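In: What shape does this take:
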Amino acid sequence: MTAFEYTSDRLYLLPPFIVIPDAEGGQFVQVADITRCEADGNYCQFYIVGDEAAIISARPLRHFESLLSMYGFVRIHDSHMVNLNYAVRYDTTGGGKLKMYNDEVLPVANLRRTLLISKMMGYR
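Out: Numbers count the residues shown, from 1 in each chain. Next up, the predicted model:
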């Protein structure tokens with residue numbers, strides 16, 4: 001799914017964005033700015049580059065999983081989905097951990113390890 005803007009006889013490709021539904025309506029966010037998503041029961045927290053506070057959506061993580069997977073996101077745990085553009089290291093010790101650009105360390109579930117490694121190596 002790609003967003004287009006039509007002006008006169010020209011077609012412009014816009015950066016992909018999603019609308020994250022929140023308590024006040026919805027927030028437009030460029031997909032490339034999302035570093036990770038974290039499940040919190042039936043809520044989902046979105047972490048955005050440069051923002052201190054997460055955007056909280058009243059939709060579960062599974063709602064966004066298929067939408068974001070085409071943009072380099074991978075579900076690494078029942079509670080975590082990450083944008084691989086912001087991952088810096090995968091550590092196999094201690095059951096598997098993924099280090100993010102901001103030094104956050106996230107757990108990787110055993111059942112999702114193979115998918116993560118294949119995505120990191122560029123296989124589909």
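In: which stretches of this structure have low pLDDT?
Out: Within the chain, the stretches with pLDDT under 70 are 1-14, 123-124.
In: can you pull out the strands in it?
Out: Along the chain, the stretches classed as strands by DSSP state E are 4-7, 10-13, 17-22, 25-30, 34-40, 43-48, 55-57, 73-77, 80-83, 87-91, 97-100, 105-107.
In: Next, the buried residues of stretch 84-99.
Out: Of all the residues in stretch 84-99, those buried under the rule 16 or more other CB atoms under 10 Å are 86-87, 96, 98. Using the backbone N, CA and C atoms, a C-beta is placed for each residue, glycine as well.
In: Select, from those residues, the two members most distant in space.
Out: By the measure CB to CB, Y86 and G96 form the most distant pair in the buried residues of stretch 84-99, at 17.5 Å.
In: how far away is the residue nearest to P21 when sequence neighbours are not counted from N83?
Out: Nearest residue to P21, sequence neighbours excluded (CB to CB, 6 or more residues apart in numbering): S57, at 5.5 Å. From S57 over to N83 the distance is 16 Å, taken as CB to CB, to the nearest Å.
In: Over to R62?
Out: 17 Å.
In: swap in I20?
Out: I20 is 14 Å from N83, by CB to CB.
In: go on, M70?
Out: 12 Å.
In: Compare neighbour counts for those two and give me the winner.
Out: N83 (22 against 10; other CB atoms under 10 Å).
In: what's across from the more buried one in the sheet?
Out: With DSSP bridges as the criterion, N83 is bridged to F73.
In: In this structure it contacts I34, no?
Out: Yes. Counting by CB atoms under 8 Å, N83 does reach I34; the two are 5.7 Å apart.
In: Residues that sit against both of the two, list them.
Out: Residues touching both N83 and I34 (CB atoms under 8 Å, 6 or more residues apart in numbering): 68, 73.
In: Tally up the residues packed near A53, please.
Out: For A53, using other CB under 10 Å, the count is 8.
In: List phi and psi for it.
Out: When quoted as degrees, to the nearest 10, the phi and psi of A53 stand at phi -90, psi 150.
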